[in-house]
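Enquirer: Provided below for reference: sequence and predicted model.
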Amino acid sequence: WLTDAVGPRREPPASTTGAAATRPPATTSQASPTRAPSTQAPSTRAPTTAAAGQLPAGWTSFNRSGAAYAVGVPPGWRERTRDRFNATVVEEERGDRRLTVRSTNPADPLPAASRSYRDGYASNLPGYRRLRFDEHGSYQGRPAVVFEYEFVDGGRRVHVRHVNFKGRTWGYNVELVTPTGQWAGSQELARQFEQAFRPLG
């Protein structure tokens, strides 16, 4: 389901994709608040307002209308995009936590797609340990498959929450990754990301 790597590895430095008409389509980078949106996957960053997707104070909304979602960006974090699976990565500028959102249309069938993803990761990730696989979970009050696991990424152990759910016709994957030792202290952040996320399709 919506994954382009064996394991949620740290993304390499990259340049913006699908956000500025003058950028090469094969590269990715930190998005710019002032860039012009492309016709393929427009992305805009708007200031936080009380009504803008129930954003927490100080957050901004990063809108990828061509990918049918908007994601919240906390202060001190940055976003960058990739064309593959309409992905947006939101990561700490000085830290190890990140949120990745992916979308596809039409949505993949659930829970079958999540089971396939789970089984592939179980056999390929170093130090893999399954923590939770809930086919009757929820995200923003919508039915969702919630998959949590740990594995060793670049010599450190990380905790992953991988959530799959459907909008009207689009399918969404929202994946939060933190060092295992920071997971418990990141639950309020996870709740805020869920509150700020807007499925548009």
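Expert: Thanks, I have it. The structure displayed is predicted, hence computed values, not measured ones.

Enquirer: which residues in this protein form helices?
Expert: Under the criterion DSSP state H, the chain contains helices at 112-124, 187-196.

Enquirer: Low-confidence stretches in this structure?
Expert: Where the chain drops to pLDDT under 70, the residues are 1-53.

Enquirer: where along this protein do the strands fall?
Expert: 43-46, 60-64, 69-73, 77-82, 87-92, 98-104, 129-139, 142-153, 156-166, 171-179, 198-199 (DSSP state E).

Enquirer: Next up, the contacts around residue 138.
Expert: 144, 146 (Cβ atoms under 8 Å, 6 or more residues apart in numbering). To be clear about C-beta, it is placed using only N, CA and C from the backbone, and glycine gets the same treatment.

Enquirer: still on that earlier bit, export the helices of the chain to JSON lines and tack on mean neighbour count?
Expert: Shown next, in JSON lines, are the helices of the chain (neighbours: other Cβ atoms under 10 Å):
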{"stretch": "helix 112-124", "mean neighbour count": "15"}
{"stretch": "helix 187-196", "mean neighbour count": "16"}
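
Enquirer: I'd like to know the beta-bridge partner residues of residue 149.
Expert: Beta-bridge pairing of residue 149 under DSSP bridges involves residue 130, residue 160.

Enquirer: what's the neighbour count on it?
Expert: Residue neighbour count, defined by other Cβ atoms under 10 Å, stands at 20 for residue 149.

Enquirer: where's it relative to residue 128, distance?
Expert: 6 Å (Cβ to Cβ, to the nearest Å).

Enquirer: Check whether residue 94 really touches residue 76, as I assumed.
Expert: Yes. Counting by Cβ atoms under 8 Å, residue 76 is a contact partner of residue 94 at 7.1 Å.

Enquirer: Please say which of these two ends up with more neighbours.
Expert: Using other Cβ under 10 Å as the criterion, residue 94 and residue 76 rank with residue 76 on top: 10 against 6.

Enquirer: Distance-wise, check residue 139 relative to residue 95.
Expert: Taking Cβ to Cβ, one finds residue 139 at 24 Å from residue 95.

Enquirer: Looking at the two, which is more packed in?
Expert: A count of neighbours by other Cβ under 10 Å puts residue 139 above the other of residue 139 and residue 95, at 17 against 12.

Enquirer: okay, how far is it across stretch 73-86, tip to tip?
Expert: This stretch, stretch 73-86, spans 17 Å end to end (Cα to Cα, to the nearest Å).

Enquirer: Just the buried residues of it, please?
Expert: Counting neighbours by 16 or more other Cβ atoms under 10 Å, one finds that the buried residues in stretch 73-86 are 73, 74, 77, 79, 80, 81, 82, 85, 86.

Enquirer: ok, so of those residues, who is nearest residue 111?
Expert: The nearest member of these to residue 111, counting by Cβ to Cβ, is residue 85 at 18.8 Å.
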